[in-house]
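Student: Fold the following.
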Amino acid sequence: SCKRYNLADDNPAPRNEVMAFGHELLDDSNLLPSERPKPSSRRRPSEREKRRKTDKKRVENKRMKESLLPEGLLYPTYREGLKAVLDINKEKWR
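Tutor: This next block holds a predicted model:
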């Protein structure tokens, strides 16, 4: 039988908090563009896009960690994970 797992880190956070942290990391590393591109059209956001801004889902990762990662997560929270992604790619992104 096939098992399904919800995947999550140890610090579930709202999407806007994760995005703000990523923005801060890029800004601190001088990797943000000086100007933001302007949208080419004034289309209305889809229902999915609206939901993504307001979703407040929380996922427990206990079963995933017990079954798949008994030694724990390499990056326990999104903060460590995003910092690692930046560290690995910083020179390539300059």
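Student: Now tell me what touches stretch 24-35 from outside.
Tutor: His23, Leu82, Lys83, Leu86, Lys90, Trp93, Arg94 (C-beta atoms under 8 Å, 6 or more residues apart in numbering). Every C-beta, even on glycine, is put in place using the N, C-alpha and C of the backbone.
Student: Pull up the distance across that stretch, start to finish.
Tutor: Taking C-alpha to C-alpha, to the nearest Å, the first and last residues of stretch 24-35 lie 16 Å apart.
Student: So which bits of it are buried?
Tutor: Taking 16 or more other C-beta atoms under 10 Å as the neighbour-count basis, stretch 24-35 is seen to contain the buried residues Leu25, Leu26.
Student: Also stretch 74-88?
Tutor: For stretch 74-88, burial by neighbour count (16+ other C-beta under 10 Å) applies to Thr77, Tyr78, Arg79, Leu82, Leu86.
Student: low-confidence ranges in the protein?
Tutor: Per-residue confidence for the chain (pLDDT under 70) gives these ranges: 36-41.
Student: any idea which helix is longest in it?
Tutor: Residue-count comparison of every helix in the chain, with assignments taken from DSSP state H, identifies helix 78-93 as the longest.
Student: same for that one, what does it pack against?
Tutor: Judged by 3 or more C-beta pairs under 8 Å, 6 or more residues apart in numbering; DSSP states H and E, helix 78-93 is in contact with helix 15-28.
Student: quick one: the helix it packs on to chain centroid distance?
Tutor: Centre-to-centre, helix 15-28 and its host chain are 9 Å apart (C-alpha atoms, centre = their mean, to the nearest Å).
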